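Coordinates for the following, if possible.
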Amino acid sequence: MADVTIRALKNGPYEVRGGAKLTDQKRAEYTGQEDPMYLCRCGQSSNKPFCDGTHQTCGFVAEETAG
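Next up, the predicted model:
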């Protein structure tokens, strides 16, 4: 299996690469996942847990970097 990487995009979603599978609290797998997948960080997506681009219009700011 390839290495899975997660990158926090500036003022945007988490970018997940490497073929990770996403499951809910009951361990059911989300379908339609692509590689990379983008996970919402702003909390405003209408397609949670996936990003739908709403962060661009809701004023979401996240510029943290690894220290």
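
CA only for contacts and neighbour counts going forward, please
Will do.

Would you mind measuring from residue 4 to residue 63?
Distance of residue 4 to residue 63, given as Cα to Cα, to the nearest Å: 22 Å.

do the same with residue 18
Residue 18 is 24 Å from residue 63, by Cα to Cα.

Show me which of these two is the more surrounded one.
Neighbour comparison, residue 18 and residue 63: the larger count goes to residue 18, with 14 against 10 (by other Cα atoms under 10 Å).

List the contacts of the more buried one.
If you count contacts by Cα atoms under 8 Å, 6 or more residues apart in numbering, residue 18 has them with 2-5, 35-36.

What count of nearby residues applies to the nearest residue to it once chain neighbours are set aside?
Leaving out its chain neighbours, the residue that sits closest to residue 18 by Cα to Cα, 6 or more residues apart in numbering is residue 4, at 4.3 Å. Per other Cα under 10 Å, the neighbour tally for residue 4 reads 12.

any idea how far residue 36 is from residue 4?
Relative to residue 36, and taking Cα to Cα, residue 4 is found at 10 Å.

so how many other residues sit close to the closest residue to residue 41 other than its chain neighbours?
Nearest residue to residue 41, sequence neighbours excluded (Cα to Cα, 6+ apart): residue 13, at 5.2 Å. Residues near residue 13, counting by other Cα under 10 Å, number 23.

go on, residue 3?
Neighbours of residue 3 using other Cα under 10 Å come to 8.

Next, the contact list for it, please.
residue 18.

so what's residue 21 up against?
The neighbours of residue 21, taking Cα under 8 Å, 6+ apart as the test, are 29-30, 33.

Tell me which of the residues you listed has the lowest pLDDT.
Least confident of the contacts of residue 21 in the model: residue 33, at 80.

Nearest to the spatial middle of this protein, which residue is it?
Taking Cα atoms, centre = their mean, the centroid of the chain lies closest to residue 39, which sits 1.4 Å from it.

Quick check: that residue touching residue 14?
Yes - counting by Cα atoms under 8 Å, residue 39 does reach residue 14; the two are 5.0 Å apart.

Mind pulling up the pLDDT for residue 32?
Model confidence at residue 32, given as pLDDT, is 81.
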